[in-house]
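Colleague: Everything below, folded, please.
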Amino acid sequence: QNPALELTKTAQDSDFTTVGETLTYNYLVRNSGNVTLTDAVSITDDRIATVSCPVLPVGGLQPGATLLCTATDTVTQADIDAGQITNIASAESGGTASDTETATVMGTQAPSLSVEKTATTTDYAVAGDIVSYDYLVTNTGNVTLTTAIIVADDKIDNVICPANSGLAPNASLTCSADYAVTQADIDGGSVTNIANASTVIGGETFVSPDVSETVDAAQAPALSIVKT
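Modeller: Predicted coordinates for the structure are as follows:
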């Protein structure tokens, strides 16, 4: 007697993109030995607690016969961040176990950022006045951002952003900066600057669309004369 089982595990889904998405797996169990197996077939999967297997046919699982088991798995944010799901399974019946079998489903990562720029100063009147800005940076992609968030502004050299401890999808952080008004800004009647946010993932830089904000000057033209 040479009892044996062979397991073939396949994923019905080719990829995933969203937290909560359901992946379906098939486990094709074949009696590859020369003994009829009469004990129920069970599947152990390192990610999935319950794999459903049908009742054995009457008389048991004959040599060469197959049994199809199925299971579903739910995608987590950690799976999307990892870029793939690989799980390992084996089949067993009455002490006869198959070799382990793996299946991998690739994730579609789509990192992206948006930034909303707001001036907290409503106007200015004198050269040297400070205009303050807030930059609300939002993770609009499906991947957790773990590297530094950088905001670039065409008029400000140093935009201060808090340390990024892991910006989850749909989460935001706020950066800030100050701008010292020049006489040219007063003469021009307003100051407009353009900003974007960026971060690096896997050596590739991802940049948000540009945004702009305009603050008007409180112009007060006046003359005085002293006659002697």
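Colleague: which secondary structure element contains residue 175?
Modeller: Assigned by DSSP states H and E, residue 175 belongs to strand 172-180.
Colleague: Could I have the CA atoms of that strand written out in CSV?
Modeller: C-alpha atoms of strand 172-180 as CSV (Å, rounded to 0.1, in the frame of the first residue of the first chain):
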residue,chain,number,x,y,z
SER,A,172,-3.7,63.7,5.8
LEU,A,173,-0.9,65.7,7.4
THR,A,174,-0.4,69.5,7.5
CYS,A,175,2.7,71.3,6.5
SER,A,176,3.3,75.0,7.1
ALA,A,177,5.4,77.9,5.9
ASP,A,178,5.8,81.7,6.1
TYR,A,179,6.5,84.2,3.3
ALA,A,180,8.0,87.7,3.8
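Colleague: Contact partners for residue 68?
Modeller: Counting by CB atoms under 8 Å, 6 or more residues apart in numbering, residue 68 touches 26, 27, 28, 29, 54. All C-beta atoms are positioned from the backbone trio N, CA, C, and that covers glycine.
Colleague: Which ones among the residues you listed map onto strands?
Modeller: Residues of the contacts of residue 68 located in strands (DSSP state E): 26, 27, 28, 29.
Colleague: how close does the residue nearest in space to the middle of the chain sit to residue 11?
Modeller: Among the residues of the chain, the one closest to the centroid is residue 143, at 1.3 Å (CA atoms, centre = their mean). Computed as CB to CB, to the nearest Å, the residue 143 to residue 11 distance reads 21 Å.
Colleague: Touching, residue 152 and residue 205? I think so.
Modeller: No: look at residue 152 against residue 205 with CB atoms under 8 Å: they stay out of range, at 11.2 Å.
Colleague: List the residues that contact the closest residue in space to residue 47 that isn't next to it in sequence.
Modeller: Of all residues beyond its chain neighbours, the one nearest residue 47 is residue 87 (4.0 Å), with distances taken as CB to CB, 6 or more residues apart in numbering. If you count contacts by CB under 8 Å, 6+ apart, residue 87 has them with 25, 45, 46, 47, 48, 73, 102, 103.
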